[in-house]
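Undergrad: model this:
(one chain, ligands or ions: 1)
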Amino acid sequence: MKKFKCHCGAIEAEIKTSDNLEKILRCNCSLCKRKGAVMSMVKNENFKITKGLDKLRLYKFHTKVANHYFCSICGIYTHHNPRSNPAMTGFNLGCIDEIDTFNLKNILINDGLNHPLDKK
Ligand SMILES: [Zn+2]
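TA: As a prediction, the model looks like this:
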């Protein structure tokens, strides 16, 4: 179980994940390019908001299928449900204190710019 919090601490979550995170990624879509976050993924049931649900804000764009959440106070991206698999939660590894996101190996680059669901 990993403790997760946004910058101001209004939002906290608990994440059930293995110690070596299953998938570490960055994404080059128009939104993630701006956020620059390093992320990991778990199933929705393994990501639980434990504090500040009312402080979360939801951002949607393009097809409006994916849910992109952020803290309404400090503005930090917390998590999202990708449209390629809404049963999964992607989350901001920077919100876990003991993880040094500058020292992670094997960061995949997700090609969100050329999203598979945008292909005709
Ligand atoms: Zn916050």
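Undergrad: all contacts plus neighbour counts: C-alpha atoms, from now on.
TA: Fine.
Undergrad: spell out which parts of the protein neighbour the ion.
TA: By C-alpha under 5 Å from the ion, the residues of the chain that approach the ion are 6-8, 10, 71, 73-74.
Undergrad: which element is the residue sitting nearest the centre point of the chain on?
TA: The centroid of the chain falls nearest to Phe91 when counting by C-alpha atoms, centre = their mean (2.4 Å). Following DSSP states H and E, one finds Phe91 within strand 88-92.
Undergrad: dump that strand to CSV, restricted to CA.
TA: Extracted in CSV, the C-alpha atoms of strand 88-92 (Å, rounded to 0.1, in the frame of the first residue of the first chain):
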residue,chain,number,x,y,z
MET,A,88,-7.6,1.4,-15.0
THR,A,89,-6.3,4.4,-13.1
GLY,A,90,-3.2,6.2,-14.1
PHE,A,91,-1.7,8.2,-11.3
ASN,A,92,1.0,10.8,-10.6
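Undergrad: okay, how far is it across stretch 53-60, tip to tip?
TA: The first and final residues of stretch 53-60 sit 17 Å from each other (C-alpha to C-alpha, to the nearest Å).
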